[in-house]
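Asker: here you go, sequence then predicted model.
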Amino acid sequence: MKHIAFFIPSMEGGGAERVVINLLEEMLLQDVNLDLILAAVEGPLLSQVPKQVRIIDLAAGRVINAILPLCRYLRQYKPQALISHMSHTNVISVLAKDLAVTKTELILVEHNTFSASKSKSMRAKLVPPLMKLVYPRANHVVGVSQAVSDDLEIQLSLKKGTVKTIYNPVVNENLISKAKAPLKHSWFQEDAPPIFVAVGRLTAQKDFVTLIKAFALLRQKKIARLMILGEGELRNELEMLIEKLGIGDDVSMPGFVANPYKYMNKANAFILSSLWEGLPTVLIEALACGCPVISTDCPSGPREILDAGKYGELVPMGDVEALFQKMLNVLHSPVDKKLLTQRAMYFSFDKAASRYLNILAKN
């Protein structure tokens with residue numbers, strides 16, 4: 001029986017963490033022993049980790065402190081493979097494996113378009129040069145979209161074809177079931193005004209500022225509502241903008257919710273306003289829920305997911321007027337929900353898990 005370990009900083013409520021949970025769930029069906037290694041055992045998604053998965057607490061707090069604990073784990077348990085997610089975690093994984101001197105196969109998974117990141121944090125400055133140094137030492141490097149893979153090869157000077165593309169596992173029967181769950185909220189009652197939903201961390205990357213400004217323009221033309229599900233450091237700034245624009249009664253930011261799919265299922269449209277992504281899971285989830293979508297044409301993922309606009313609307317990044325116009329149009333445009341759900345199945349659990357297992361089977 002295969003023994004595979006996944007490594008991620010924590011179980012905070014982001015897209016990469018959801019991807020890990022989805023892969024764990026599907027691989028359990030393939031008769032695989034699974035460990036989930038965390039630098040810190042915390043985050044709202046902890047409760048969603050399958051009970052059959054052994055959680056390894058490195059008690060490192062921050063990922064930078066995880067090198068030696070991860071090295072000890074690799075020496076003690078010797079998993080066949082370590083699948084690491086997120087750039088800074090991937091760098092630490094390579095260093096820990098080098099120290100451990102084990103035969104564990106190392107798969108590094110990159111979720112964002114490297115060159116598109118606008119982050120000015122210290123980590124954003126330090127990690128890329130380290131990636132260039134250590135990524136070639138991994139057994140496999142995976143991008144979650146073709147654009148991410150191509151970008152990585154260019155930015156890290158890797159030979160073309162070196163980075164494999166495996167779309168994230170997003171859709172399964174459980175998601176469809178959750179989408180149909182009852183939603184007891186006054187905004188979603190029959191005959192209520194149309195409602196737009198967005199999901200994501202309240203960070204600069206998601207550019208909810210543009211979305212809120214576009215909604216304010218829409219609100220001048222039509223009665224409508226906007227709900228942003230997620231939490232993050234820009235909450236105060238966004239709340240001040242909402243108040244300044246005078247749309248406080250029609251915008252809700254309830255924070256993180258465990259089941260966003262029932263909101264997507266009943267919304268008039270889903271909006272992704274990001275400045276950059278890797279393969280935005282929430283966009284696929286919205287399609288799976290049969291929800292019409294409007295997305296920025298950001299690097300990368302939306303154009304691939306929506307097949308250049310066949311399955312949803314694409315708008316330029318940071319363009320308030322363009323986003324407003326698409327939001328207005330979607331309220332009057334009939335959408336074939338069956339077509340949307342069929343597209344979403346391209347990003348199913350079983351397809352993704354099979355591709356990771358096939359990589360290991362070839363070695």
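Answerer: Yep, it's here. Bear in mind the structure is a predicted one, so any value in this text is a computation, not a measurement.
Asker: with Q189 as the reference, measure out to P182.
Answerer: 12 Å (C-beta to C-beta, to the nearest Å). No exception for glycine: its C-beta is placed from N, CA and C like everyone else's.
Asker: between these two, which is the more surrounded one?
Answerer: Q189 (10 against 7; other C-beta atoms under 10 Å).
Asker: buried stuff in stretch 33-43?
Answerer: N33, L34, D35, L36, I37, L38, A39, A40, G43 (16 or more other C-beta atoms under 10 Å).
Asker: correct me, but T89 touches P9?
Answerer: Yes - T89 is in contact with P9 according to C-beta atoms under 8 Å; the separation is 5.8 Å.
Asker: anything in contact with each of those two?
Answerer: A39, V63 (C-beta atoms under 8 Å, 6 or more residues apart in numbering).
Asker: the more surrounded of the two?
Answerer: Taking other C-beta under 10 Å, T89 and P9 do not tie; P9 has more neighbours (25 against 21).
Asker: got the contact list for that one?
Answerer: Contacts of P9 by C-beta under 8 Å, 6+ apart are L38, A39, A40, R62, V63, M86, H88, T89.
Asker: would TSV of those with pLDDT, distance to Y167 and secondary structure be doable?
Answerer: Formatted as TSV, the contacts of P9 follow (pLDDT from 0 to 100; distance: C-beta to C-beta, whole Å; DSSP: H, G, I helix; E, B strand; the rest coil):
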residue	pLDDT	distance to Y167	secondary structure
L38	98	24	strand
A39	96	26	coil
A40	95	28	coil
R62	91	30	coil
V63	92	25	helix
M86	92	17	coil
H88	92	23	helix
T89	96	20	helix
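Asker: which one of those residues is nearest to Q52?
Answerer: Distance ranking of those against Q52, using C-beta to C-beta, places L38 first at 16.5 Å.
Asker: what's across from the closest one in the sheet?
Answerer: Assessed by DSSP bridges, L38 has beta-bridge partners I8, D57.
Asker: from L99, how far off is it?
Answerer: 19 Å.
Asker: contact partners for V251?
Answerer: I212, F215, R225, L226, M227, I228, I242.
Asker: show me what the worst-scoring helix or strand of the chain on mean pLDDT is packed against.
Answerer: Least confident element among the helices and strands of the chain, by mean pLDDT, DSSP states H and E: helix 122-134 (a mean of 81). Judged by 3 or more C-beta pairs under 8 Å, 6 or more residues apart in numbering; DSSP states H and E, helix 122-134 is in contact with helix 87-100.
Asker: which element follows the helix it packs on toward the C-terminus?
Answerer: Counting by DSSP states H and E, the element after helix 87-100 in chain order, helix or strand, is strand 105-110.
Asker: partners of that next one, with directions?
Answerer: Partners of strand 105-110, by DSSP bridges, with direction: strand 81-85 (parallel), strand 140-143 (parallel).
Asker: list the contacts for A322?
Answerer: V315, P316.
Asker: the stretch 251-363 of the chain: strands as residue ranges?
Answerer: 251-255, 269-272, 293-296, 313-315 (DSSP state E, counting those that start in this stretch).
Asker: how far does the shortest one sit from its chain's centre?
Answerer: If I follow you right, that is strand 313-315. 19 Å (C-alpha atoms, centre = their mean, to the nearest Å).
Asker: could you say what helices and strands it packs with?
Answerer: strand 293-296, helix 320-330.
Asker: as CSV, could you dump the C-alpha coordinates of the first one?
Answerer: Spelled out, it's strand 293-296. C-alpha atoms of strand 293-296 as CSV (Å, rounded to 0.1, in the frame of the first residue of the first chain):
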residue,chain,number,x,y,z
VAL,A,293,-19.8,33.7,-13.5
ILE,A,294,-18.0,36.9,-14.2
SER,A,295,-14.2,36.9,-13.8
THR,A,296,-11.2,39.1,-14.3
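Asker: which ones are touching H140?
Answerer: By C-beta under 8 Å, 6+ apart, the neighbours of H140 are E105, L106, I107, L108, K164, I359.
Asker: and if you look at C71?
Answerer: A96, K97, L99, A100.
Asker: over to L218?
Answerer: A224, F324, M327, L328.
Asker: can you tell me how far it sits from Q325?
Answerer: Applying C-beta to C-beta to L218 and Q325 gives a distance of 9 Å.
Asker: next: I228.
Answerer: 20 Å.
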